[in-house]
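Colleague: Kindly generate the corresponding structure for this input.
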Amino acid sequence: MPQTVIVSFKAPAELVEQLDDLVRSGVFRNRSEALRYALVLLVTQYRAGSGGGEAGERGA
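Modeller: Got it, this is the predicted structure:
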């Protein structure tokens, strides 16, 4: 199994609630699985050159 790292960050409560809805509905087993999936999509998108804009433009 690959080495894992714990990452903490702040997110708007409404966004976390939407994430939890995905977990409750069975789309993901837990928050960690959902966030890993989202990170893979994000990194893949940027590597493909379709990242779109600066971090500040996305509210990060």
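
Colleague: average pLDDT across stretch 18-30?
Modeller: For stretch 18-30, mean pLDDT is 98.

Colleague: Which strands or helices does the longest helix along the chain pack on?
Modeller: If you go by DSSP state H, the chain has its longest helix at helix 31-47. Secondary-structure packing of helix 31-47 (3 or more CB pairs under 8 Å, 6 or more residues apart in numbering; DSSP states H and E): helix 13-24. Every residue, glycine included, has its C-beta placed from N, CA and C.

Colleague: Residue 11 and residue 17: what is the separation?
Modeller: 10 Å (CB to CB, to the nearest Å).

Colleague: can you check residue 3 too?
Modeller: Residue 3 is 31 Å from residue 17, by CB to CB.

Colleague: Show me the shaky parts of the chain.
Modeller: 1, 51-60 (pLDDT under 70).

Colleague: now do 90
Modeller: Along the chain, segments meeting pLDDT under 90 span 1-2, 49-60.

Colleague: Which of residue 3 and residue 17 has more residues huddled nearby?
Modeller: residue 17 (9 against 4; other CB atoms under 10 Å).

Colleague: So residue 30 sits against residue 22, correct?
Modeller: No. Contact criterion CB atoms under 8 Å: residue 30 and residue 22 do not qualify, at 10.2 Å.

Colleague: ok, the two, which is more surrounded?
Modeller: Higher neighbour count among residue 30 and residue 22: residue 22, with 14 against 10, using other CB under 10 Å.

Colleague: In this structure that one contacts residue 28, no?
Modeller: Yes. Using CB under 8 Å, residue 22 is in contact with residue 28, at 5.5 Å.
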